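J.: When you get a sec, could you give me coordinates for this:
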Amino acid sequence: MKMNNGLNFDNTYLDLNSKMVSGIEPKIVGNPELIVLNKKLANELELDIDFLSSKKGNALLSGMTNEFGPLFAQAYAGHQYAHFTMLGDGRALMLGEHVTSDKKRVDLQLKGSGTTPYSRKGDGKATLYSMLREYLISESLHALNIPTTRSLAVIKTNEKIRRSQYEEGAILTRVASSHIRVGTFEYAKAYGGTDLVKELADYTINRHYKELANSNNKYQEFLHQVIKRQASLIAKWQSVGFIHGVMNTDNMLISGETIDYGPCAFMDAYDPQTVFSSIDTQGRYAYQNQPYIGSWNLARFAETILELLSQENEEAVKIANNELQKYGTYFHQYLLTNMSAKIGIKNPTEEDKLLIDELLSMMEKYEADYTNSFVSITKNAFEELSFYKTDEWDEWFKKWTRALGYRQLDIIERINLMKKSNPVIIPRNHIVEEALTLAAKQNDYSLYNIVLEKLQKPFDYLVKHEEKFTKFNENSREYVTYCGT
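T.: Residues are numbered from 1 along each chain as shown. As a prediction, the model looks like this:
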């Protein structure tokens, strides 16, 4: 039932087998203080901003009340660095499924709200530093037109929580199409077998893939569409140099949205082996490995629904493998389309892939900044390229101009295509850290707000940014990120 505060909860997930959730009682938070509110997103969701900013709103956004609906945590499992683990929302709780007037359904979830039955030995809390980071990076991906969970608000709890040292505590309100993960299906398989997997699959199809409901092969089509969405998502990550950092199966949403912004970052100098996560010592989730890991995770998903594909195991495995093999084809085509657009080419061919590969090889050899190299090419400011006037550049430039020439693409159309594909500004690691340090350690949000505003218009070539927001910083070569738990 819709309330005058805009909330309209309809918790269909609670209709699933009770094994999938655990009820959560409200917890008292020290002194909750709303410090960041995404007013644009609140308006899109038809939520009342005055309410969210009020004392009652703060109570809701900090998990201190169940006045507006039952609070619950979701159960799931996951392959973390290839090792299977039983997990669940160890530091998160669901406020509910909010439904807008145009029937858009989203989860409102609190992250860092305290312990749950799945917390194991954790405190269930989050640092202000890490929640401000997730807000910033997730909203940046949204502006880059990459499917992602969104950030509605950050509440400062005014509690000290212990990590390597004592830090300010915070709670993030996350918005997602749902929080159904590959790991959710792994949990259903382990704890409920085929019956629970089928129940979860039917629910997920109804929620995210309604067009498949009456298909004769709906579970095979379900697998197919999940594969397709993941291929598209990861191709978009690759095209802007985004490195997720922790692509465990519990961090892959069936909806095809990006989730979990712990050890993630954007690549500066182009290097396919780039890793930012402090715990990824083997480079499993390096930039160059993300496409493969996507395929690996999808194979784990396929394993959970094998018995839905066919009652005959051999036939089910054959169907699953046939679908999984399509991932590579989809990913290749999505990435080729995205990368070709970055150099002004529509409807690319395999010859264009060679052209892109040669450009990336130059970037790697000359340690060129990934984002700025494409910006320089977009602006015809070739002299800014670190490999300008080299033999490799001269040869590549000839091939590129020939590729553009025979397509006879209008120059304005070509430049517009490139501008829509090549962001001028990304969350630069050094400036993000400076902004977060000032905000979380010194209560100074001035730089954080500037960075957040700038990242809302990543493709605006008319904006003149100061160099510190757009230039590669040498200190970023040794940049390391942490998960915040």
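
J.: Distance from the strand or helix carrying Gln220 to the middle of the chain?
T.: If you go by DSSP states H and E, Gln220 is part of helix 218-240. Once both centres are worked out by C-alpha atoms, centre = their mean, to the nearest Å, helix 218-240 turns out to sit 13 Å from its chain's centre.

J.: do the same with stretch 111-120
T.: The chain centroid and the centroid of stretch 111-120 are separated by 21 Å under C-alpha atoms, centre = their mean.

J.: now stretch 22-33
T.: The chain centroid and the centroid of stretch 22-33 are separated by 26 Å under C-alpha atoms, centre = their mean.

J.: cool, stretch 319-334 as well?
T.: With C-alpha atoms, centre = their mean as the basis, the distance from the averaged C-alpha position of stretch 319-334 to the chain average is 21 Å.

J.: for that stretch, what is the average pLDDT?
T.: Across stretch 319-334, pLDDT averages out at 98.

J.: can you pull out the helices in the stretch 351-485 of the chain?
T.: With helices called from DSSP state H, counting those that start in this stretch, the stretch 351-485 of the chain shows them at 370-378, 391-407, 411-421, 429-442, 446-454, 467-470.

J.: Can you redo the ones you listed as CSV, where the extra columns are mean neighbour count, mean pLDDT and distance to Leu95?
T.: (Each C-beta comes from the backbone N, C-alpha and C, glycine too.) As requested, these are exported to CSV (neighbours: other C-beta atoms under 10 Å; pLDDT from 0 to 100; distance: least, C-beta to C-beta, whole Å):
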stretch, mean neighbour count, mean pLDDT, distance to Leu95
helix 370-378, 22, 98, 36
helix 391-407, 13, 93, 50
helix 411-421, 15, 95, 35
helix 429-442, 18, 96, 24
helix 446-454, 16, 98, 23
helix 467-470, 14, 96, 35
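
J.: And for His332, the neighbour number?
T.: Counted with other C-beta atoms under 10 Å, residues neighbouring His332 total 15.

J.: Now do it against Asp352, distance only.
T.: 12 Å (C-beta to C-beta, to the nearest Å).

J.: What of Leu309?
T.: According to C-beta to C-beta, Leu309 and Asp352 sit 36 Å apart.

J.: can you check Ser119 too?
T.: 50 Å.

J.: out of those two, which sits in the more crowded spot?
T.: Ranked by neighbour count (other C-beta under 10 Å), Ser119 and Asp352 place Asp352 first, with 20 against 17.

J.: Is the nearest residue to the more buried one once chain neighbours are set aside within a helix or a strand, and which one?
T.: The shortest distance from Asp352 to any non-neighbouring residue, by C-beta to C-beta, 6 or more residues apart in numbering, is to Ser340 (5.0 Å). In this assignment (DSSP H and E), Ser340 forms part of helix 313-341.

J.: Buried residues, that helix. List them.
T.: The neighbour-count criterion (16 or more other C-beta atoms under 10 Å) identifies 316, 319-320, 323-324, 327, 330-331, 334-341 as the buried residues of helix 313-341.

J.: cool, stretch 205-217 as well?
T.: Residues of stretch 205-217 classed as buried: 205, 207-209, 212 (neighbour count, 16+ other C-beta under 10 Å).

J.: Unless I misread the structure, Lys156 falls within a strand.
T.: Yes - Lys156 sits within a strand when classified using DSSP: H, G, I helix; E, B strand; the rest coil.

J.: Confirm for me that it is in contact with Leu128.
T.: Yes - using C-beta atoms under 8 Å as the test, Lys156 is close enough to Leu128 to be in contact (5.8 Å).

J.: so how far is Leu359 from the residue lying farthest from the centre of the chain?
T.: Relative to the centre of the chain, the most outlying C-alpha is that of Asp391, 38.6 Å out, by C-alpha atoms, centre = their mean. Look at Asp391 and Leu359: by C-beta to C-beta, they are 14 Å apart.

J.: What is the burial count for the closest residue to Tyr209 other than its chain neighbours?
T.: Among residues not flanking Tyr209 along the chain, Gln225 sits closest, at 5.5 Å (C-beta to C-beta, 6+ apart). Gln225 has 18 neighbouring residues, counting by other C-beta under 10 Å.

J.: Do I have it right that Gln225 meets Ser215?
T.: No - under the criterion of C-beta under 8 Å, Gln225 makes no contact with Ser215, lying 10.3 Å away.

J.: Leu152 belongs to a strand, doesn't it?
T.: Yes - counting by three-state DSSP, Leu152 is found in a strand.

J.: picking up where we left off before, more neighbours, Lys156 and Leu128?
T.: Neighbour totals were compared for Lys156 and Leu128, and Leu128 leads with 27 against 24 (other C-beta under 10 Å).

J.: so what's the backbone phi/psi at that one?
T.: Taking degrees, to the nearest 10, you get phi -60, psi -40 for the backbone angles of Leu128.

J.: I'd like the distance between it and Ala92.
T.: Distance from Leu128 to Ala92, counting by C-beta to C-beta: 16 Å.

J.: now Leu359
T.: 41 Å.

J.: for Lys218, same thing?
T.: Where Ala92 is concerned, Lys218 sits at a distance of 30 Å (C-beta to C-beta).

J.: Of the two, which one has the most company?
T.: Relative neighbour count places Ala92 above the other of Lys218 and Ala92, with 25 against 17, counting by other C-beta under 10 Å.

J.: which one is the more buried one nearest to, not counting chain neighbours?
T.: Using C-beta to C-beta, 6+ apart, the nearest residue to Ala92 is Lys111, at 4.8 Å.

J.: I'd say the one you found and Arg174 touch.
T.: Yes - between Lys111 and Arg174 a contact is recorded at 5.5 Å, counting by C-beta under 8 Å.
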